[in-house]
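Novice: Pasting the sequence and the predicted coordinates here, then a few questions.
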Amino acid sequence: MNSFWEDTYSFLKPYSAFLGGLVYGAGWWLLGDAVTYAMAILHSNFNILWLIPGLVATVAIIVMNTTSKEDVVDSYGDDAAMCRSRVVLMLSYLLSLCAIVGSVALLLSEKQKEEQGDLWIGASCVIQTCLICFAGMWCWAFQGESEPSYTYL
């Protein structure tokens, strides 16, 4: 069973940045589609709050992918550097969590609006944020130990 995961990892590693970028782009495309639908079909005004969860998730994956896997798991190196890397990684996880909570709060606030009757913009914010966070975690999980961590930016 262990060789199955190693084979899968070695097969997906060359395509990880492409697949992560594809999922990231799909998340932003989904929000763009929902905003266009809300403005063209529902005649809603553009609300800048629709962008905030996606932007926070984008900052979270940038912070996540600047942290090297070697610095987080390295047990024989400098303890202060390892602690800093873990704090930065934890900060990126907290930013991701805040983005998801913010998108759910946006979904609930859209549900409170009775005149619209459509939740597509709120649901697309939740889906977009989850896709962006997944893309960042995908790229971080497949980054190589020997390559620098900023190669995905």
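Specialist: Yep, it's here. Numbering: from 1, shown residues only.

Novice: So which residue is dead centre in this protein?
Specialist: Of all residues in the chain, the one closest to the mean position by C-alpha atoms, centre = their mean is C133, 2.0 Å from it.

Novice: What distance do you get for that one to G27?
Specialist: C133 sits 9 Å away from G27, taking C-beta to C-beta, to the nearest Å as the criterion. Where C-beta positions appear, they are placed from N, C-alpha and C, glycine not excepted.

Novice: hmm, back to that, what helix or strand is the residue nearest to the centre of the chain located in?
Specialist: Using DSSP states H and E, the secondary-structure element containing C133 is helix 120-141.

Novice: Convert the C-alpha atoms of that helix to CSV, please.
Specialist: Listed in CSV are the C-alpha atoms of helix 120-141, where the atom choice follows Å, rounded to 0.1, in the frame of the first residue of the first chain:
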residue,chain,number,x,y,z
TRP,A,120,-25.6,31.8,-6.2
ILE,A,121,-23.2,34.6,-5.2
GLY,A,122,-22.9,33.4,-1.6
ALA,A,123,-22.5,29.8,-2.6
SER,A,124,-19.9,30.7,-5.2
CYS,A,125,-17.9,32.6,-2.6
VAL,A,126,-17.8,29.5,-0.4
ILE,A,127,-16.9,27.2,-3.3
GLN,A,128,-14.3,29.7,-4.6
THR,A,129,-12.6,30.0,-1.2
CYS,A,130,-12.5,26.2,-0.8
LEU,A,131,-11.0,25.8,-4.2
ILE,A,132,-8.3,28.4,-3.6
CYS,A,133,-7.4,26.9,-0.3
PHE,A,134,-7.3,23.4,-1.8
ALA,A,135,-5.0,24.7,-4.6
GLY,A,136,-2.6,26.2,-2.2
MET,A,137,-2.5,23.0,0.0
TRP,A,138,-2.0,20.9,-3.2
CYS,A,139,1.0,22.9,-4.3
TRP,A,140,2.5,23.0,-0.8
ALA,A,141,2.1,19.2,-0.4
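
Novice: Right, I'll call it a day here.
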